[in-house]
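Chemist: Turn this into a structure:
(2 chains)
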There are 2 protein chains.
Amino acid sequence: MTYCLGIITNSGLVMAADSRTHAGIDNISTYPKLFDFSVSGERAIVICTSGSLSLTQGVVTRIHRDIQAQAAVNLHNCATLYDMASYLGGKIREIQEQDRAWLKKDGIDFSCRLLLGGQIQGSEPELFLIYNQGNFIQATSETPFLQIGDTKYGKPILDCTLTYETPLNVAAKCALLSLHSTMRSNLSVGPPIDLIMYAANSFEIKHRLHLCLGDPYLLVMSQLWENALKQASEQLSEINWQQDGYHLPNERYNSRITPTVTSFDPKSLMLQAEDERE
Amino acid sequence: MTYCLGIITNSGLVMAADSRTHAGIDNISTYPKLFDFSVSGERAIVICTSGSLSLTQGVVTRIHRDIQAQAAVNLHNCATLYDMASYLGGKIREIQEQDRAWLKKDGIDFSCRLLLGGQIQGSEPELFLIYNQGNFIQATSETPFLQIGDTKYGKPILDCTLTYETPLNVAAKCALLSLHSTMRSNLSVGPPIDLIMYAANSFEIKHRLHLCLGDPYLLVMSQLWENALKQASEQLSEINWQQDGYHLPNERYNSRITPTVTSFDPKSLMLQAEDERE
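Modeler: Predicted coordinates:
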């Protein structure tokens, strides 16, 4: 599994990725999933990848080849980040056309997703998520982050702490905390962690971090964070438990049970099942 | 969707459930998912349900009928919690035998899971998770909580804050925070929240809470918690960014690319795809 995230704020971008790959729990490896294609002073471009490693490596290789071959369209001559997202969608489609049928034959997952963050001279910083199908969405100030891979464990911390106005250094720490939450609960997401912080209008990635397993900062951060959570949960005001007038849910529930299906009617069963799902 | 959790500590049990059901995002309803089958002074029994509402309501109805009919095996005469878990697994299998084929015909999901927590005179408190297949697992002091439904958003807070030694009132607050994290990120999990706290060896559920949408405690808790998280993330020590000697991931990556598949060999492609997954 993978966890990558991108954050956009009014002062720049943060992008982060884990490096763990697996083919079953007994087969764990390390591959980078964060790639920097910037042209210093002119355009900042960072890409994160998730999904089938054979597909994402294929995409990254094709991006490099197009740049080296000075192809008609490549990441170094696209006029906008939107054009880059569209180009990346095209690369995903290319490699899917080549491999998808063969992977499908053997029931092998053929999905991948990309994050693209960056800025070109003359434009604002932007952040995109490119889907497996080649279409894409863009982060906005209302929802200033995008995630790929196993996104759920790391989302609550982002939902609670991030806004478009969050200072960039705090956003970078939130990204690490989001990765920490994910790594804590999902063994298939793991270090090294790659993190970059891009200050708007600098057109250069000046802040990079490559945190390995056991890195002192990771350990200290993890401990400080868990202590802060423990303390916060202990210090919440005490629950005001109900003393009377409370009806147990099953009493409420029982009062509503009336056997409506008296004869066996598969259609009515199906509609009931469709109607409600806990 | 649903989110229910059970926590066991050295001083008792906490169990909590949301009440939202849905059949698509445009069809939201409210049904209780936490049920109290206790016999005051003799046995405390609390069950939480997730999955297809038609199946879980069927299970709960059969539990009630067996108690009312004083069936040979029912929740009020089982000698142990283990026997109760086994009985509940049997009830799930019964209803699956009745409905599964019909649901499967139309591609309707037929899964459900239960949590069972409680204590019988002469035994310690115990907590079980009963799977859709009728088999079950038990929480231990090493992992003192079990979850059903959409479990990921609410797991990091439990991983970070809970141990078997956590005081029961703090565990109850952690349960609410875990539900809060889930409701914040997943609209299909929502109030009212049902929460119970059971003190070991009391053989009576004395602490109950039914929190509706907009309940002042929920609002205050949510605000206090989010402020605490924001503050904690801001106060983490600053990141010590790498200044030199750092190699971009794609440089490392590029140095490893060697085109190994020169002729088209589907088997080698398949093995590669199987080998690694980000």
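Chemist: In the helix or strand containing residue A:21, which residues are buried?
Modeler: Taking DSSP states H and E as the criterion, residue A:21 maps to strand A:20-22. Neighbour-count burial for strand A:20-22, counted by 16 or more other CB atoms under 10 Å in any protein chain shown, picks out A:20-22. To be clear about C-beta, it is placed using only N, CA and C from the backbone, and glycine gets the same treatment.
Chemist: Closest one of those residues to chain B?
Modeler: Checking those against chain B by CB to the nearest CB gives residue A:21 as the nearest, at 4.7 Å.
Chemist: The closest one is in contact with residue A:51, isn't it?
Modeler: No. Look at residue A:21 against residue A:51 with CB atoms under 8 Å: they stay out of range, at 10.5 Å.
Chemist: helices or strands up against the strand holding residue A:21?
Modeler: strand A:28-30 (3 or more CB pairs under 8 Å, 6 or more residues apart in numbering or on different chains; DSSP states H and E).
Chemist: So the strand it packs on, near chain B or not?
Modeler: Yes. Under the criterion of CB under 8 Å from any CB of the partner chain, chain B is reached by strand A:28-30 at residue A:29.
Chemist: packing partners for that strand?
Modeler: strand A:20-22.
Chemist: for the stretch 101-250 of chain A, which spans come out with low pLDDT?
Modeler: A:243-250 (pLDDT under 70).
Chemist: show me where it has helices.
Modeler: A:155-161, A:168-185, A:216-235, A:249-256 (DSSP state H, counting those that start in this stretch).
Chemist: which one is residue A:177 nearest to, not counting chain neighbours?
Modeler: Nearest-residue entry for residue A:177: residue A:157, 5.2 Å, with adjacent residues in sequence omitted and distances by CB to CB, 6 or more residues apart in numbering or on different chains.
Chemist: what's the spacing between the spatially most central residue of chain A and chain B?
Modeler: Geometric centre of chain A, nearest residue: residue A:147, 1.9 Å, by CA atoms, centre = their mean. Distance of residue A:147 to chain B, given as CB to the nearest CB, to the nearest Å: 11 Å.
Chemist: ok so, going back, relative to the whole chain's centre, how far out is the strand holding residue A:21?
Modeler: 15 Å (CA atoms, centre = their mean, to the nearest Å).
Chemist: now do stretch A:90-109
Modeler: For stretch A:90-109 - counting by CA atoms, centre = their mean - the centre lies 22 Å from the chain centre.
Chemist: Quick check: buried residues in it?
Modeler: Neighbour count says stretch A:90-109 has A:91-92, A:95-96, A:99-100, A:102-103, A:108 buried, by 16+ other CB under 10 Å.
Chemist: ok, that stretch near chain B or not?
Modeler: Yes. Legend: contact between stretch A:90-109 and chain B by CB under 8 Å from any CB is shown at A:99, A:102-103, A:106, A:108-109.
Chemist: so can I have JSON lines of the residues you listed showing distance to residue B:11?
Modeler: Compiled in JSON lines, the residues of stretch A:90-109 next to chain B are given as follows (distance: CB to CB, whole Å):
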{"residue": "A:99", "distance to residue B:11": "56"}
{"residue": "A:102", "distance to residue B:11": "57"}
{"residue": "A:103", "distance to residue B:11": "52"}
{"residue": "A:106", "distance to residue B:11": "52"}
{"residue": "A:108", "distance to residue B:11": "49"}
{"residue": "A:109", "distance to residue B:11": "45"}
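Chemist: tell me which of the residues you listed is nearest to residue A:4?
Modeler: residue A:109 (17.1 Å; CB to CB).
Chemist: Test my guess that that closest one contacts residue A:54.
Modeler: No. Applying CB under 8 Å as the test, residue A:109 and residue A:54 come out as separate, 10.7 Å apart.
Chemist: tell me the contacts of residue A:41?
Modeler: Going by CB atoms under 8 Å, 6 or more residues apart in numbering or on different chains, residue A:41 touches A:203-204.
Chemist: That one - that's part of a strand, no?
Modeler: No. Residue A:41: not assigned to a strand; according to DSSP: H, G, I helix; E, B strand; the rest coil it is coil.
Chemist: right, and residue A:167 touches residue A:11 too?
Modeler: Yes. Contact status for residue A:167 versus residue A:11: in contact at 6.9 Å, counting by CB under 8 Å.
Chemist: Comparing these two, which residue is more hemmed in?
Modeler: residue A:11 (18 against 13; other CB atoms under 10 Å in any protein chain shown).
Chemist: Check which helix or strand the residue of the stretch 1-150 of chain A found nearest chain B maps to.
Modeler: Residue nearest to chain B within the stretch 1-150 of chain A: residue A:32 (3.2 Å; CB to the nearest CB). Assigned by DSSP H and E, residue A:32 belongs to no helix or strand.
Chemist: Likewise for residue A:44?
Modeler: Here residue A:44 is assigned to strand A:43-51, by DSSP H and E.
Chemist: Tell me if that strand is near chain B.
Modeler: Yes. Using CB under 8 Å from any CB, strand A:43-51 comes into contact with chain B via A:49-51.
Chemist: What subset of those residues is buried?
Modeler: A:49-51.
Chemist: Compile the residues you listed into a markdown table and extend it with columns for distance to residue B:28 and pLDDT.
Modeler: Shown next, in a markdown table, are those (distance: CB to CB, whole Å; pLDDT from 0 to 100):
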| residue | distance to residue B:28 | pLDDT |
| --- | --- | --- |
| A:49 | 36 | 97 |
| A:50 | 31 | 96 |
| A:51 | 32 | 93 |
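Chemist: I'd like these laid out as CSV, including distance to residue B:153.
Modeler: Formatted as CSV, these follow (distance: CB to CB, whole Å):
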residue, distance to residue B:153
A:49, 24
A:50, 19
A:51, 22
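Chemist: Of these, which is the nearest to residue B:221?
Modeler: residue A:50 (33.7 Å).
Chemist: what pairs with the closest one across the strands?
Modeler: Here residue A:50 sits in beta bridges with residue A:113, as judged by DSSP bridges.
Chemist: Next, work out how far apart it and residue A:96 are.
Modeler: Note on residue A:50: its distance to residue A:96, by CB to CB, to the nearest Å, is 15 Å.
Chemist: Surely the residue nearest to residue A:177 and residue B:160 touch.
Modeler: No. Assessed by CB under 8 Å, residue A:157 is found out of contact with residue B:160, at 10.4 Å.
Chemist: what do those two both touch?
Modeler: Joint contacts of residue A:157 and residue B:160 (CB under 8 Å, 6+ apart) are residue A:181.
Chemist: out of the two, which sits in the busier spot?
Modeler: Remark: of residue A:157 and residue B:160, residue A:157 carries more neighbours, 26 against 20, as counted by other CB under 10 Å.
Chemist: dump the residue contacts of the more buried one.
Modeler: A:174, A:177-178, A:181, B:156, B:229, B:233.
Chemist: just residue A:56 next, same as before
Modeler: Residue A:56 touches A:33, A:49-50, A:112, A:114, B:278, counting by CB under 8 Å, 6+ apart.
Chemist: which residue packs closest to residue A:76, ignoring adjacent ones?
Modeler: Residue A:76's closest residue in space is residue A:67 (CB to CB, 6+ apart), at 5.4 Å.
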